[in-house]
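**Student:** no FASTA, just this:
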């Protein structure tokens, strides 16, 4: 799990051979074993043998790498038990164009899952490893990767899931909220919604942006300045407002789905989700069009 | 934002978030008043060199008509420090200056008079200062009721503290032109227009509080009026959670017997207020007489 709390630890570990790799991973592995959480090692025969030798009494799961697909790894891990650990080269061994997609998919899809996913990279891949992982696993434990490029708000989530991005609206401050509503209302109209249901979808998108920016209902109401964006996604079944809040001066806004605003906006759409990460918060509100 | 539309308000507070936006709105107001043949008195700040030539109304940001009016005397400028010397820091002093200017203009044969002042940058840090400010502004109302006088008070939020902004809105609730919303008092109703969202919530809250307080004060003066505040929302297109919550808070904090009656509310407002546990002192009315 992330050192910052019960969320995903998605870390890269850079090692040339199993003898170097195992000591780096053991603190994370032992922490999981200590609480009875499952540990899965997806490495070739040499790597698996090194882990088994290091912890002969632990019930490690050792699937063959050929049975684990990088493209579906996020779904495969989505229902893992709390505290579970996976160590492997699944993404690193994927075809180069697929690697960043697979890593971003893990970062986004598992953002609020209390898991540890440790991706093993060779020293020649260190730059890519640092760029695609929020964390790096070092001899001193997990450290934030200074070179991590967070996934774009839309690209890691396939269009088949949330629809295609049809508009992207920068929302730098509260004065831009009117533009957010105007542009989202146009998309909602184009998607075939009207009347109260269309107005409710716009209200939900507006409130989603405020929640994404951590605006507290009990405190100052206005949107703090930052690089916030609304991504409007439309599919055959739904229109989605994907609000990404990145305040310049992040405060302790607490868990998004426990914020009273989350309960309010959920009344005005069909489905709402919120994800926190170390850079900000993404809130999605979905309204069906059929 | 511009005031160059619709009938002129006798006493209007123009709210802008930057000097530039304030000048755009004021330039339009000035041009219209001058075009309709009013004598205009302008109170404002000069730079360190104290030269009117450096003020924006003498430069290209003003219209040709405004610059010519400065030369002919149709537009008179007074610097704030000089005004403060004349007024002596009292409401009575300001009333005297207002009255002298008005009567001098009428004696000179001008058919109407207009007065405007820039954001005063007063801290309004305590109740006494707020009371003096309210009495000073009341002087404009008293004159506008009896004479052909238009008053434009400029409030630039970038140069004022939060307390000054909120109190200014409360004192000027009868005529407000803000970013994206406005309010005016007419036929016993407080008529609000535009979008009420988190960006303007603090200002809307200040105006609402002022309107509630005024309704109560009018009732307590033995006028036979009800202390209820009747708010006409027919021209409001959007209300978010923050502003709906302000309505709930205003109603909850009102003394027993005072109600907030909302006429023609946007259709989602009822759902929002119900989600916020609307108190009995908020009454929703679809049309009908006040």
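**Tutor:** Good, I have the coordinates. Just so we're clear, the structure is a prediction, and the values are computed from it rather than from any experiment.

**Student:** what's the neighbour count on the closest residue to chain B within chain A?
**Tutor:** Closest approach between chain A and chain B, counting by Cβ to the nearest Cβ: residue A:174, at 3.4 Å. For the C-beta atoms, the positions are set from N, CA and C on the backbone; glycine is no exception. Applying other Cβ atoms under 10 Å in any protein chain shown, we find 23 residues neighbouring residue A:174.

**Student:** Same question for residue B:128.
**Tutor:** Around residue B:128 there are 9 other residues, counting by other Cβ under 10 Å.

**Student:** give the contact list for the residue of chain A closest to chain B.
**Tutor:** By Cβ atoms under 8 Å, 6 or more residues apart in numbering or on different chains, the residues touching residue A:174 are A:222-223, B:197-199.

**Student:** now, among the residues you listed, which is nearest to residue B:17?
**Tutor:** residue B:199 (9.3 Å; Cβ to Cβ).

**Student:** Hmm, that closest one is touching residue B:181, no?
**Tutor:** No. Using Cβ atoms under 8 Å, residue B:199 makes no contact with residue B:181, being 9.6 Å away.

**Student:** Contact residues of chain A facing chain B?
**Tutor:** For chain A, the residues in contact with chain B (Cβ under 8 Å from any Cβ of the partner chain) are A:174-175, A:177-178, A:181, A:196, A:199-200, A:202-203, A:206-207, A:210, A:215, A:217, A:220-223, A:261, A:263-265, A:267-268.

**Student:** what about 6 Å?
**Tutor:** Proximity of chain A to chain B (Cβ under 6 Å from any Cβ of the partner chain) is limited to residues A:174-175, A:177-178, A:196, A:199, A:203, A:206-207, A:210, A:221-222, A:264, A:267.

**Student:** Of all these, the one with the weakest confidence?
**Tutor:** Minimum pLDDT for the residues of chain A next to chain B is recorded at residue A:221 (78).

**Student:** so it touches residue B:199, yeah?
**Tutor:** No. Using Cβ atoms under 6 Å, residue A:221 is not in contact with residue B:199, being 7.9 Å away.

**Student:** in stretch A:113-130, what's buried?
**Tutor:** A:113-121, A:125, A:128-130 (16 or more other Cβ atoms under 10 Å in any protein chain shown).

**Student:** Give the full set of residues in contact with the residue in chain B positioned nearest to chain A.
**Tutor:** Closest residue of chain B to chain A, Cβ to the nearest Cβ: residue B:199 (3.4 Å). Taking Cβ atoms under 6 Å, 6 or more residues apart in numbering or on different chains as the criterion, residue B:199 is in contact with A:174-175, A:177, A:222.

**Student:** neighbour-wise, which of the residues you listed leads?
**Tutor:** Busiest of those [other Cβ under 10 Å] is residue A:177, holding 26 neighbours.

**Student:** From residue B:12, how far off is that one?
**Tutor:** Distance from residue A:177 to residue B:12, counting by Cβ to Cβ, to the nearest Å: 24 Å.

**Student:** can you list the residues that contact the strand or helix carrying residue B:151?
**Tutor:** In the assignment (DSSP states H and E), residue B:151 maps to strand B:149-156. Contact with strand B:149-156 is made by B:8, B:11-16, B:22, B:26, B:29, B:113-116, B:118-119, B:140, B:143, B:168, as judged by Cβ under 6 Å, 6+ apart.

**Student:** That one: partners in the sheet, and parallel or antiparallel?
**Tutor:** According to DSSP bridges, strand B:149-156 forms sheet pairs with strand B:11-16 (parallel), strand B:112-117 (parallel).

**Student:** most tightly surrounded among the ones you listed?
**Tutor:** Across the strands paired with strand B:149-156, the average number of neighbours (mean count of other Cβ atoms under 10 Å in any protein chain shown) peaks for strand B:11-16, which reaches a mean of 24.

**Student:** can you list contacts of it?
**Tutor:** Identification of contacts with strand B:11-16 by Cβ under 6 Å, 6+ apart yields B:22, B:25, B:140-141, B:144, B:151-156, B:172, B:175-178.

**Student:** same thing but 7 Å
**Tutor:** Contact with strand B:11-16 is made by B:1, B:3, B:22, B:25-26, B:140-141, B:144, B:151-157, B:168, B:172, B:174-179, B:203, as judged by Cβ atoms under 7 Å, 6 or more residues apart in numbering or on different chains.

**Student:** Kindly report the same for stretch A:50-70.
**Tutor:** Applying Cβ under 7 Å, 6+ apart, the contact partners of stretch A:50-70 are A:18-19, A:22, A:26, A:29, A:33, A:38-44, A:48, A:88-91, A:93-94, A:98, A:102.

**Student:** list the buried ones in that stretch?
**Tutor:** Using 16+ other Cβ under 10 Å as the test for burial, stretch A:50-70 gives A:50-51, A:54-55, A:60, A:65, A:68, A:70.

**Student:** ok now that stretch, how far from the chain's centre?
**Tutor:** 25 Å (Cα atoms, centre = their mean, to the nearest Å).

**Student:** What average pLDDT does it get?
**Tutor:** Across stretch A:50-70, pLDDT averages out at 90.

**Student:** which residues are contacting stretch B:123-143?
**Tutor:** B:11, B:91, B:94-95, B:98-99, B:102, B:122, B:149, B:151, B:161, B:163-164, B:167, B:171-172.
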